[in-house]
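Peer 1: Sequence and predicted model, in that order:
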Amino acid sequence: MTESEFYSFVVPDAQGNDVKLSDYKGKVVMVVNVASSCGKTPQYAGLQKLYEKYKDQGLEILAFPCNQFAFQERGSNEEICTFTRDKYKVTFKMFAKTTVNGGDTIPLYQYLKKEGEGSLFNAIKWNFTKFLVSKSGKVLQRYSPNTEPEDMEEDIKKLLAE
């Protein structure tokens, strides 16, 4: 079996450091595009709860702030991290603000949209679209922004047990 393309990506974190996704081999990974001024922003609390409950079993949450949906993520990387840490006590990995749709879409999101089943044109429809990636780097599931983090718990538990 060839290694998953998921592990080939290198993306900048919120502090400007390059992060190799190969560092997450053997982990269950949730990738989510986030925003601080969205009606769905309270999902940060549910994401953090899942992370705290399952991080020691191998769950990683990778959050990618995005300002493409009604300009709901206007802050700098530092402001975003401060907001999520202060308001939601977020401790999972925050990445640099990015683009998930259009011509400037980062390669990771091009890949996620191609591999994770979606709707017409596979575009990300809104903030808090989530992708669940197996321990082997396979994109297994795409969840809509309306899917609450706790509604993903059974899927996460199954993947962690594999």
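Peer 2: Structure received. Residues are numbered from 1 along each chain as shown.

Peer 1: can you give me the mean pLDDT across stretch 50-68?
Peer 2: Mean per-residue pLDDT for stretch 50-68: 97.

Peer 1: mind checking how far it is from the chain centre?
Peer 2: Here stretch 50-68 shows a centroid-to-chain-centroid distance of 7 Å under the convention C-alpha atoms, centre = their mean, to the nearest Å.

Peer 1: in that stretch, what counts as buried?
Peer 2: Going by neighbour count (16 or more other C-beta atoms under 10 Å), the buried part of stretch 50-68 is 50-51, 54, 59-68. For glycine as for every other residue, the C-beta is placed from the backbone atoms N, C-alpha and C.

Peer 1: Filter those residues down to just the ones in strands.
Peer 2: The strands, defined by DSSP state E, take in 59, 60, 61, 62, 63, 64, 65 from these.

Peer 1: ok, these vs residue 6, which is closest?
Peer 2: Set against residue 6, the nearest of those by C-beta to C-beta is residue 62 (10.9 Å).

Peer 1: Report the contact partners of that closest one.
Peer 2: Contact analysis of residue 62 by C-beta atoms under 8 Å, 6 or more residues apart in numbering lists 24, 29, 30, 31, 32, 92, 93, 95.

Peer 1: And the pLDDT for the third one?
Peer 2: Looking back up the chat, that one is residue 30. Reading off the model, residue 30 has pLDDT 98.

Peer 1: Number of residues surrounding residue 144?
Peer 2: Neighbour count for residue 144, taken as other C-beta atoms under 10 Å: 12.

Peer 1: What segments of this structure are strands?
Peer 2: Under DSSP E, the chain gives strands at 10-12, 18-20, 28-34, 59-65, 93-94, 130-133, 139-143.
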